[in-house]
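Student: Sequence unavailable; structure follows:
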């Protein structure tokens with residue numbers, strides 16, 4: 001399976017994901033065999049390939065760049081801020097040749113099979129001033145269908161503060177449809193970009209959404225209060241489309257690295273991340289190839305965080321306890337999955353990267369969605385992601401409504417149209433994460449922009465949510481990867497299902 005984008009695309013895809021079991025999985029492969037698998041995959045691909053090159057320390061000097069050329073490669077983009085370079089080469093064994101030629105190289109890995117389906121520290125960088133947020137009271141035509149907004153008290157919050165136009169949320173996703181009537185008023189063209197290929201491209205056509213996923217998440221964050229359609233959590237903030245995923249929903253590592261460097265250098269206050277690093281759901285730091293991807297993305301995320309960017313990410317849709325991983329049967333999801341043994345040396349990127357706000361999903365009845373992954377330490381807060389089994393009068397299909405490109409409406413199973421504006425119902429932790437990103441934007445609009453302080457506001461204002469009283473609800477949906485029963489542990493103040501509790505937009509802004 002391919003990241004959150006593919007899993008939330010339809011109820012059928014989600015059901016297929018949950019339906020996998022140990023009984024149907026291929027034979028297990030130990031951690032020792034993972035490097036050989038990756039090497040064989042790379043060898044089989046052949047031709048021109050893109051590599052992530054990771055350097056020791058935070059620097060990419062002229063000598064190292066020359067070594068790339070001598071080893072048979074060409075530099076596509078260098079990020080000396082984090083000691084990473086994006087390189088292309090058609091030379092067989094380029095990665096080994098480069099490591100032999102340059103002692104500064106910590107690792108090099110081909111990204112040909114690495115689609116991404118996706119601590120605040122002082123740096124002396126001055127924070128940009130934030131203009132006061134303005135109220136955005138009232139409803140739009142489809143507000144009555146937005147049970148998710150009512151659940152987090154978003155209408156009450158935006159009636160006090162609907163966000164500031166000086167706050168920008170970067171939606172790292174499949175781009176966004178900047179022509180959509182509910183998004184167009186808030187799109188920041190100057191800070192939108194395509195990072196597909198690892199090189200920033202600011203031409204609007206390059207970051208136009210050709211998948212639909214990015215437009216959906218963007219609407220939840222910042223759909224305008226304009227009398228039509230729906231209203232986002234923060235309808236007065238600006239939204240930047242940062243396209244890291246292509247039409248098929250693959251987000252390659254070079255695009256993810258580029259995206260966070262872009263967010264950090266452009267002064268973007270918040271990013272939403274509804275994806276994970278494929279083809280390995282879990283990236284294992286004890287594997288030489290996966291370690292390069294993990295470290296490069298971790299450095300890029302840290303770079304953005306240190307420059308004032310709050311990073312919010314979805315937990316995943318595999319019903320996994322991320323604190324106790326033991327097997328991965330879904331990877332590699334771009335070829336034939338092979339069950340492999342894993343441990344806590346393996347992590348889901350970006351939700352398990354330090355300082356990232358991890359988000360689990362809830363349904364309309366207020367408890368964790370049946371598909372949502374979870375985990376002590378990784379789960380920080382729970383937000384509406386939809387749940388087709390938590391049906392109520394307010395949520396007749398259980399899913400979350402948001403903006404969707406008109407050109408892609410054939411891909412939407414549950415459609416709503418308001419004049420020229422088009423909308424789609426979806427469910428997944430991909431839908432939960434942008435609610436938290438929107439609230440982070442509202443918090444930033446109050447003048448609190450330090451990522452650590454934003455996280456404290458969100459987790460400290462969450463509604464205490466105890467473990468579900470009836471765990472039989474989850475019995476039919478064990479972990480997709482190891483078949484383990486879902487188990488909630490902890491109290492109302494913090495547990496592995498809801499983190500610090502259910503998101504509350506009104507309390508987060510001090511209302």
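Tutor: Everything's here; your move. These numbers come from a predicted model, not from an experiment.

Student: got the contact list for stretch 460-470?
Tutor: Stretch 460-470 has contacts (Cβ atoms under 8 Å, 6 or more residues apart in numbering) with 366-368, 381-382, 474, 488-493, 495, 497-504, 507-508. Placement of C-beta: from N, CA and C, glycine included.

Student: if you set the cut-off to 6 Å instead, what comes out?
Tutor: 367, 381, 488, 492-493, 495, 498, 500-502, 504, 507-508 (Cβ atoms under 6 Å, 6 or more residues apart in numbering).

Student: quick one: which of these sit in strands?
Tutor: Judged by DSSP state E, the contacts of stretch 460-470 include residue 381 as members of strands.

Student: Out of the contacts of stretch 460-470, grab the one that's most surrounded.
Tutor: For the contacts of stretch 460-470, counting by other Cβ atoms under 10 Å, the largest number of neighbours falls to residue 498: 31 neighbours.

Student: Next one: it from residue 490, what distance?
Tutor: Going from residue 498 to residue 490 by Cβ to Cβ, to the nearest Å gives 9 Å.

Student: Check residue 64 too.
Tutor: Residue 64 sits 47 Å away from residue 490, taking Cβ to Cβ as the criterion.

Student: cool, and residue 201?
Tutor: Residue 201 sits 44 Å away from residue 490, going by Cβ to Cβ.

Student: how long is stretch 271-283 end to end?
Tutor: Terminal residues of stretch 271-283 lie 21 Å apart, using Cα to Cα, to the nearest Å.

Student: Now find how far off-centre it is within its chain.
Tutor: A distance of 7 Å separates the centroid of the chain from that of stretch 271-283, by Cα atoms, centre = their mean, to the nearest Å.

Student: Need the mean per-residue confidence for it.
Tutor: Averaging pLDDT along stretch 271-283 yields 82.

Student: Also stretch 246-263?
Tutor: The average pLDDT for stretch 246-263 rounds to 92.

Student: circling back: export the contacts of stretch 460-470 as JSON lines, with columns for pLDDT and distance to residue 178.
Tutor: What follows is the contacts of stretch 460-470, written out as JSON lines (pLDDT from 0 to 100; distance: Cβ to Cβ, whole Å):
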{"residue": "367", "pLDDT": "97", "distance to residue 178": "36"}
{"residue": "381", "pLDDT": "98", "distance to residue 178": "29"}
{"residue": "488", "pLDDT": "98", "distance to residue 178": "41"}
{"residue": "492", "pLDDT": "97", "distance to residue 178": "42"}
{"residue": "493", "pLDDT": "96", "distance to residue 178": "42"}
{"residue": "495", "pLDDT": "98", "distance to residue 178": "40"}
{"residue": "498", "pLDDT": "98", "distance to residue 178": "34"}
{"residue": "500", "pLDDT": "98", "distance to residue 178": "35"}
{"residue": "501", "pLDDT": "98", "distance to residue 178": "35"}
{"residue": "502", "pLDDT": "98", "distance to residue 178": "32"}
{"residue": "504", "pLDDT": "98", "distance to residue 178": "31"}
{"residue": "507", "pLDDT": "98", "distance to residue 178": "33"}
{"residue": "508", "pLDDT": "98", "distance to residue 178": "28"}
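
Student: Closest to residue 213 out of the contacts of stretch 460-470?
Tutor: Checking the contacts of stretch 460-470 against residue 213 with Cβ to Cβ, the nearest one is residue 381 at 21.5 Å.

Student: Would you confirm that residue 437 contacts residue 269?
Tutor: No. Residue 437 is beyond contact range of residue 269, at 10.1 Å (criterion: Cβ atoms under 6 Å).

Student: So these two - more neighbours on which side?
Tutor: Using other Cβ under 10 Å, the more surrounded residue of residue 437 and residue 269 is residue 437, with 32 against 27.

Student: In terms of helices and strands, where is that one?
Tutor: Using DSSP states H and E, residue 437 falls within helix 429-445.

Student: What average pLDDT does whichever helix or strand comes after that helix get?
Tutor: With elements assigned by DSSP H and E, the helix or strand that comes after helix 429-445 is helix 451-460. Averaged across helix 451-460, the pLDDT comes to 98.

Student: in helix 451-460, what's buried?
Tutor: Residues 451, 454, 455, 457, 458, 459 are the ones in helix 451-460 that count as buried (16 or more other Cβ atoms under 10 Å).

Student: Equivalent analysis for stretch 59-72, please.
Tutor: 60, 64, 65, 67, 68, 71, 72.

Student: before we move on, back to that, packing partners of the helix holding residue 437?
Tutor: helix 213-222, strand 270-273, strand 310-314, strand 357-362, strand 381-384, helix 451-460, helix 505-508 (3 or more Cβ pairs under 6 Å, 6 or more residues apart in numbering; DSSP states H and E).

Student: Quick one: closest of those to residue 179.
Tutor: Of all these, it is helix 213-222 that lies closest to residue 179, at 10.0 Å by Cβ to Cβ.

Student: what's the following helix or strand after that closest one?
Tutor: Downstream of helix 213-222, the first helix or strand assigned by DSSP H and E is strand 238-243.
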